[in-house]
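Peer 1: pasting the sequence and the predicted coordinates here, then a few questions.
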Amino acid sequence: MDKRQFLAAGIGASLAAGNALAQTPPKRPGTDDLGRTGREKPKPIPRGKAKTTKMWLTPPCWPNAISVEPGKGFWVQEQRHDSEIAKAWLLDFKTGKVLHEVRTNCKDCSGMTWGDGYIWSGANGASVRNPPDPPINGIFQTDMNSKQISWRQLPFGPKNNGGSCHGMGWQDGKIWAYANRMEAIIRIDSKSWQTDIIWPVTREVKRLHGITYDKGIVWQVCGTQDPNRGGYEGYTPGLVKYDAMTGKVLQIIDFVPGSCDIHDVIVVDNQLYGVDAGEHPGWPIDKKYERPGFPELNSPSGGYVFKIDLI
């Protein structure tokens, strides 16, 4: 190609580009360069209903967390405000009979999961009476002989206080946790303690609490209190269903009136289950809910493990 041919080719290319730009349709008034108006409304979140069926009572306590050891039974762990040893029990699926007991150093347990042969307990240490400064938070790893294997803080915080945990789940060596300080759900590798997933919880509902993981889904406990009616009678418990990889809210489930108050959730063979600690913040203690051996309760389903059926 000589100089004259080179220049001609360049002029031709420029003209072609100019023609292409000239053919681009003009922007519509009120839109940006990509044609967006900024007025698009998000699609409403699908809502569903569920009912609960009581199964059996846990050992006397405030049972604030539930998990499962496949093929063996449910694990339930108690919440305490007195800084004493917090127990976890393996309970028979059908009868609730105690099959095994583990003692942990977790304070005010507000989430737990079973995985790799250990109990992993999430602390909410600021809720014990006269907590130290900083409070005892983090995740406690305990073996089946009640020996503490590790105690580590939730990521992205001070070394001695990563904030409290209000729910945990297990996925093939990774721990899902609801990190209260960040108002986010995170996934942590149980060995390296590296976080590989983090997304914010929804603002569409209130009182977010326990979580679990199942087949690409994270379920989280939620609930709404009627501002004009306190206590159990004015409360609607529920669940949020998230896409585990993105945090997208797929559905919100409201429990029908008369359902159990839920504090934590687990899925076993496609069936949802919950547990009611019987100690709901802000609710008055009611003597009609008393049970022998249990601490004071403020819910008619306090202490129960129950089935959850979508309807």
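Peer 2: On my side now, so go ahead. Residues are numbered from 1 along each chain as shown.
Peer 1: from Ala50, how far off is Ile285?
Peer 2: Distance of Ile285 to Ala50, computed by CB to CB, to the nearest Å: 27 Å. Where you see a C-beta, it was placed from the backbone N, CA and C, and this is true even at glycine.
Peer 1: higher neighbour count, the two?
Peer 2: Under the criterion of other CB atoms under 10 Å, the comparison of Ile285 against Ala50 puts Ala50 first, with 20 against 12.
Peer 1: thought the more buried one was touching Pro257?
Peer 2: No - under the criterion of CB atoms under 8 Å, Ala50 makes no contact with Pro257, lying 11.9 Å away.
Peer 1: wait, what's in contact with Cys61?
Peer 2: 78-80, 87, 294-295, 303 (CB atoms under 8 Å, 6 or more residues apart in numbering).
Peer 1: which of these fall within helices?
Peer 2: Residues from the contacts of Cys61 lying in helices, with DSSP state H as the criterion: none.
Peer 1: and those as a markdown table, adding pLDDT?
Peer 2: Below are these laid out as a markdown table (pLDDT from 0 to 100):
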| residue | pLDDT |
| --- | --- |
| Glu78 | 98 |
| Gln79 | 97 |
| Arg80 | 96 |
| Lys87 | 98 |
| Phe294 | 97 |
| Pro295 | 96 |
| Gly303 | 98 |
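Peer 1: closest to Val249 among those?
Peer 2: Gln79 (27.2 Å; CB to CB).
Peer 1: now the helices: where do they sit in the chain?
Peer 2: 3-22.
Peer 1: okay, and for it, where does confidence drop off?
Peer 2: 1-25, 38-40 (pLDDT under 70).
Peer 1: what about Asp276, neighbour count?
Peer 2: 29.
Peer 1: would you agree it is in contact with Ala65?
Peer 2: No - taking CB under 8 Å as the definition, Asp276 is not a contact partner of Ala65, at 11.6 Å.
Peer 1: identify the contacts common to those two.
Peer 2: Taking CB under 8 Å, 6+ apart as the criterion, Asp276 and Ala65 both touch His263.
Peer 1: okay if I get the contacts of Cys61 as CSV plus neighbour count?
Peer 2: Listed next are these as CSV, based on neighbours: other CB atoms under 10 Å:
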residue, neighbour count
Glu78, 25
Gln79, 24
Arg80, 21
Lys87, 18
Phe294, 19
Pro295, 19
Gly303, 26
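Peer 1: taking the residues you listed one by one, which sit in strands?
Peer 2: 78-79, 87 (DSSP state E).
Peer 1: from those, which is closest to Cys109?
Peer 2: Gln79 (5.3 Å).
Peer 1: list the contacts for that closest one?
Peer 2: So Gln79 contacts 61-65, 86, 108-110, 124, 277, 279 (CB under 8 Å, 6+ apart).
Peer 1: ok so, going back, wait, which of the ones in strands among the contacts of Cys61 is closest to Pro158?
Peer 2: Gln79 (24.1 Å).
Peer 1: quick check: beta-bridge partners of that closest one?
Peer 2: Bridge pairing for Gln79 (DSSP bridges) gives the partners Trp62.
Peer 1: what's the answer for Thr53, then?
Peer 2: Lys307.
Peer 1: okay, it and Asn161: tell me how far apart.
Peer 2: Thr53 sits 40 Å away from Asn161, going by CB to CB.
Peer 1: with neighbour numbers in mind, choose between those two.
Peer 2: Asn161 (18 against 12).
Peer 1: contact partners for that one?
Peer 2: 134-135, 137, 153 are the contacts of Asn161 under CB under 8 Å, 6+ apart.
Peer 1: what two of the residues you listed are the furthest from one another?
Peer 2: Farthest apart among those - using CB to CB - are Pro135 and Gln153, which lie 11.4 Å from each other.
Peer 1: what's near enough to touch Gly274?
Peer 2: Going by CB under 8 Å, 6+ apart, the list of residues near Gly274 reads 52, 66, 221, 260, 262-266, 305-306, 308.
Peer 1: in JSON lines, list the contacts of Gln79 along with distance to Asp92.
Peer 2: What follows is the contacts of Gln79, written out as JSON lines (distance: CB to CB, whole Å):
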{"residue": "Cys61", "distance to Asp92": "17"}
{"residue": "Trp62", "distance to Asp92": "21"}
{"residue": "Pro63", "distance to Asp92": "15"}
{"residue": "Asn64", "distance to Asp92": "20"}
{"residue": "Ala65", "distance to Asp92": "18"}
{"residue": "Ala86", "distance to Asp92": "21"}
{"residue": "Asp108", "distance to Asp92": "27"}
{"residue": "Cys109", "distance to Asp92": "21"}
{"residue": "Ser110", "distance to Asp92": "25"}
{"residue": "Asn124", "distance to Asp92": "28"}
{"residue": "Ala277", "distance to Asp92": "20"}
{"residue": "Glu279", "distance to Asp92": "24"}
